[in-house]
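J.: Have a look at this prediction, sequence included:
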Amino acid sequence: MHLKFQRSAPALSRASRSSCVRIYAKVSKKEGEPRIIRGKCFVTRDNIDTDQIIPAEYLTLVPSKPDEYEKLGSYALIGLPDNLYPTRYVKNGVMKTEYPVIIGGQNFGCGSSREHAPVALGAAGAKVCVAESYARIFFRNCIATGEMYPCETSVRLCDTLATGTEVTVDIDNSILTDHSTGITYPLQEIGEAGPVIDAGGIFEYARSQGMIKTA
Amino acid sequence: MALRGTMHAPSDVQSRNIPRAGNTGRLTRHAVKVSAVAATPTPARTPASTGSVKRAMTMTEKILANHSDNASVKPGDNIWARVDKLMTHDVCGPGTFGIFQKEFGPNAQVWDNERVVIIPDHYIFTSDARANRNVDILREMATKYNIKYFYDIMDRSNFRANPDYKGVCHVALAQEGHCKPGEVLFGTDSHTCNAGAFGQFATGVGNTDAGFILGTGKLLIKVPPTMRFIMDGEMPEYLLAKDLILQIIGEISVAGATYKAMEFAGSAIEGMNMDERMTICNMVVEAGGKNGVIAPDKTTFDYVQARTQEPFEAVYTDGAANFVADYKWDVSKLEPLVAAPHSPDNRKTARECSDVKIDRVYIGSCTGGKTEDFVSAAKLFYRAKRQVKVPTYLVPATQKVWADVYTLPVPGCDGKTAAEIFEEAGCVTPAAPSCAACLGGPRDTFARMNEPEVCVSTTNRNFPGRMGHKEGQIYLASPYTAAASALKGYVCDPREYM
């Protein structure tokens, strides 16, 4: 799965030159490194359901197989209606996204329990989502897989920011900075979910804490 | 994990403080044949827990307390819950087992090979090589881990040639006796909440959580607060369970029950059979709900006992239990509804959409493809004695439902079977049981919407692209409304044909 898939020479994402966090397949943050993600944001609105995040026809791809994991990423958010979202999250013919930050409204990730949803986003290169609220299974899956930080904010950022805007999401200090205006917005604290995602998911976290024996 | 939800204020319709007169707090131990009894280990009671008065709990809280090491739990508690059954299917099963093997090692065994139920159902009748491969992977896993319940299919050209194959997982779980009051069921599918109709805790999880359960038989979850929905009165003849759940979702929105349990009560619920109760609990997830529950009664016990001899213990909400919200409806005042594109909470009456021309009708899925759903549609077609005006696709959820469609005489229809009535009405021949087009699927899936058409469907979601084409328009409806719409060629209130 993900850990076995580490590339021998971790490559800085060609997508975001100013990204402070190396784009691995999962978050897998090193201990001591700050949880800061800088890059372009991709703005979505309310009730982005799992069929829009990863349409059902791509669910034949099995996330625990490395090459299919990558393919899932190339289809991330491909279900968004074209008229509302003229800019694609992942460009046609490319496997990774230019937008490590996703902005959402209410109820992000509603619909199916399919883990393919946060997996596709993480595989594409999403590092953090900042939304007003999440559907519970999607929220839980983000943490269990360690694919992406699901941050919450009470500010309706989807009305304020535009796709392509450079932002910094400082999860440690719970602040999002819009670099086009300099304005900062408060985030809710990531709390106990943070260390789990840092470690790369619930199993990795449990092992690092000595909760289960190493497989 | 710090799991947080967002509270949405309920709209001010029909939500009022009513006395908390729930079901009695009696623990009903149902008399069933028991072949072996194992005493559950009693943990040593810490001084702090002795002498404490047990607090009043809802059904959901009681079930979770019974499956944890706590005498009592309250909403917000993070607890380790023992799992009675884990279900997975062809879309998520391979990934789930992949995680299990990676995390617990190639020599690990599943926690209990009789508590894992593998039900291929999503992408079965397709030429998609990867989809077919996924069923092969499931077979490999079932063999390797000696999984008792694997409802296999090998001959895709003829579903009836596969004696083990069932069809749609949630309906199969019920029909094969895996749903029992008081139990805890997790499934790698959001509509696992369907089983709450049996008075159990049932909810969907992702591959990673499921992989964890495979190895340990437990899961860390947060106890949800309960919202209660009382549906009282006598159901009018033109209304079905689907109309009630659409009413509720339209009321509280697609996030109105996020992180909460939805408990359904009232005389209308009590009067429903298990198929109808499942329809209601099935769509709990469409309101963001964690799980749905309906108090088990004789209807439940009769159904369950006809399908399994395993013992179970029903529990009930205490009379003094707390609800985080209380809603009440007089169902005799309700009308047939649809959820218009593109959200399950976009509630409208069927009547106000009567100018919407449609291109097709779909009757199927765990939500609306059960025996009762086809019987209802057939009844309306029979009364109307007319032909459908648009292609009407029928997908029985399971082999058993398919058999019912072809063998059961529909009540009040001169001994005709549903299949005969459907044929006379000009519907497309009922297809092989599976999830089929409810969620689109591979391109060659039966009844997949590959063009931007308008469809009335008895399924559960209508977000953009749900049934295939991104510009497809889906109106969610009851089987009566779907049948009436097929006859009219427009979205149609079933009263027009009753």
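T.: That came through, no problem.
J.: any idea which element B:Phe264 lies in?
T.: B:Phe264 belongs to strand B:261-265 when assigned by DSSP states H and E.
J.: got the CA positions of whichever helix or strand comes after that strand in CSV?
T.: Helices and strands here follow DSSP H and E; after strand B:261-265, the next one along the chain is helix B:267-270. Extracted in CSV, the C-alpha atoms of helix B:267-270 (Å, rounded to 0.1, in the frame of the first residue of the first chain):
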residue,chain,number,x,y,z
SER,B,267,-48.0,4.2,14.5
ALA,B,268,-47.2,4.6,10.8
ILE,B,269,-43.8,3.0,11.4
GLU,B,270,-45.3,0.2,13.5
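J.: tell me the mean pLDDT for helix B:267-270?
T.: Per-residue pLDDT values over helix B:267-270 give a mean of 98.
J.: what do you get for stretch A:164-175?
T.: Stretch A:164-175 comes out at a mean pLDDT of 97.
J.: And chain B, is that stretch touching that?
T.: No: using C-beta under 8 Å from any C-beta of the partner chain, we find that stretch A:164-175 stays clear of chain B, coming within 13.1 Å at best. C-beta: built from backbone N, CA, C; applies to glycine.
J.: Next, the buried residues of that stretch.
T.: Across stretch A:164-175, burial judged by 16 or more other C-beta atoms under 10 Å in any protein chain shown covers A:Thr165, A:Val167, A:Thr168, A:Val169, A:Asp170, A:Ile171, A:Ser174.
J.: so what's the closest residue to chain B within chain A closest to, chain neighbours aside?
T.: Closest residue of chain A to chain B, C-beta to the nearest C-beta: A:Ser64 (2.9 Å). Leaving aside its sequence neighbours, A:Ser64 sits nearest to B:Gly98 (C-beta to C-beta, 6 or more residues apart in numbering or on different chains; 2.9 Å).
J.: what's the spacing between the residue nearest in space to the middle of chain B and B:Thr188?
T.: Centroid-nearest residue in chain B: B:Asn194, 2.3 Å away (criterion: C-alpha atoms, centre = their mean). The gap separating B:Asn194 from B:Thr188 is 14 Å, by C-beta to C-beta, to the nearest Å.
J.: and what of B:Cys455?
T.: Distance from B:Cys455 to B:Thr188, by C-beta to C-beta: 27 Å.
J.: got it, and A:Pro195?
T.: With C-beta to C-beta as the criterion, A:Pro195 and B:Thr188 are 25 Å apart.
J.: where along chain A do the helices fall?
T.: A:50-53, A:66-74, A:116-124, A:136-145, A:157-160, A:193-199, A:202-208 (DSSP state H).
J.: quick one, which of the ones you listed is packed in tightest?
T.: Among the helices of chain A, ranked by average contacts under mean count of other C-beta atoms under 10 Å in any protein chain shown, first place goes to helix A:116-124 (a mean of 30).
J.: For it, the averaged confidence score.
T.: On average, helix A:116-124 scores 97.
J.: confidence score at the one residue in chain B that gets nearest to chain A?
T.: Here chain B gets closest to chain A at one residue, B:Gly98, 2.9 Å apart by C-beta to the nearest C-beta. Looking at B:Gly98, its pLDDT reads 96.
J.: what lines up beside the host helix or strand of B:Asp326 in the sheet?
T.: According to DSSP H and E, B:Asp326 maps onto strand B:325-330. With DSSP bridges as the test, strand B:325-330 is paired with strand B:226-232 (parallel).
J.: Now do the strand holding B:Asp326: distance to the chain's middle.
T.: 21 Å (C-alpha atoms, centre = their mean, to the nearest Å).
J.: following that strand, which helix or strand comes up?
T.: strand B:337-339.
J.: by contact count, what packs against that following strand?
T.: helix B:241-252, strand B:347-349, strand B:473-477 (3 or more C-beta pairs under 8 Å, 6 or more residues apart in numbering or on different chains; DSSP states H and E).
J.: Need the winner for burial among the ones you listed.
T.: strand B:473-477 (a mean of 27).
J.: thinking again about what came up before, adjacent strands (with direction) for the strand holding B:Phe264?
T.: Taking DSSP bridges as the criterion, strand B:261-265 forms sheet pairs with strand B:226-232 (parallel), strand B:291-294 (parallel).
J.: would CSV of the ones you listed with mean neighbour count be doable?
T.: As requested, the strands paired with strand B:261-265 are exported to CSV (neighbours: other C-beta atoms under 10 Å in any protein chain shown):
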stretch, mean neighbour count
strand B:226-232, 23
strand B:291-294, 30
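J.: Residues of the stretch 151-300 of chain B that sit close to chain A?
T.: Counting by C-beta under 8 Å from any C-beta, the stretch 151-300 of chain B sits next to chain A at B:187-190, B:192, B:204-209, B:211-212, B:254-255, B:258-259, B:285, B:288, B:290.
J.: 10 Å instead, please
T.: B:186-193, B:203-212, B:215-216, B:220-222, B:224, B:253-260, B:285-290 (C-beta under 10 Å from any C-beta of the partner chain).
J.: Mind checking which of these are in strands?
T.: Taking DSSP state E as the definition of strands, these contribute B:Phe186, B:Gly187, B:Thr203, B:Gly204, B:Leu220, B:Ile221, B:Lys222.
J.: With distance to A:Gln52, neighbour count and pLDDT added, can I get the residues you listed in TSV?
T.: Putting these into TSV (distance: C-beta to C-beta, whole Å; neighbours: other C-beta atoms under 10 Å in any protein chain shown; pLDDT from 0 to 100) gives the following:
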residue	distance to A:Gln52	neighbour count	pLDDT
B:Phe186	25	25	98
B:Gly187	23	27	98
B:Thr203	22	27	98
B:Gly204	18	26	97
B:Leu220	29	16	88
B:Ile221	27	25	91
B:Lys222	26	19	93
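J.: Now mean pLDDT and distance to B:Cys492 too, for the strands paired with strand B:261-265, in JSON lines please.
T.: JSON lines is the format used below for the strands paired with strand B:261-265 (pLDDT from 0 to 100; distance: least, C-beta to C-beta, whole Å):
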{"stretch": "strand B:226-232", "mean pLDDT": "98", "distance to B:Cys492": "24"}
{"stretch": "strand B:291-294", "mean pLDDT": "98", "distance to B:Cys492": "29"}
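J.: will you turn these into CSV that also has distance to B:Ala483?
T.: Shown next, in CSV, are the strands paired with strand B:261-265 (distance: least, C-beta to C-beta, whole Å):
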stretch, distance to B:Ala483
strand B:226-232, 23
strand B:291-294, 26
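J.: closest to B:Lys102 out of those?
T.: Proximity to B:Lys102, assessed across the strands paired with strand B:261-265 by C-beta to C-beta, is greatest for strand B:291-294 (28.7 Å).
J.: Not counting sequence-adjacent ones, nearest residue to B:Asn162?
T.: B:Ile153 (4.5 Å).
J.: A:Ala162 too?
T.: That would be A:Val43: by C-beta to C-beta, 6+ apart, it lies 6.1 Å from A:Ala162.
J.: sorry, back to before: nearest to B:Tyr123 among the helices and strands packed on strand B:337-339 would be which one?
T.: The nearest among these, by C-beta to C-beta, is strand B:473-477 at 19.6 Å.
J.: That closest one pairs with which strands, parallel or anti?
T.: strand B:337-339 (antiparallel), strand B:454-457 (parallel).
J.: so where's chain B shaky on pLDDT?
T.: Within chain B, the segments meeting pLDDT under 70 span B:1-53.
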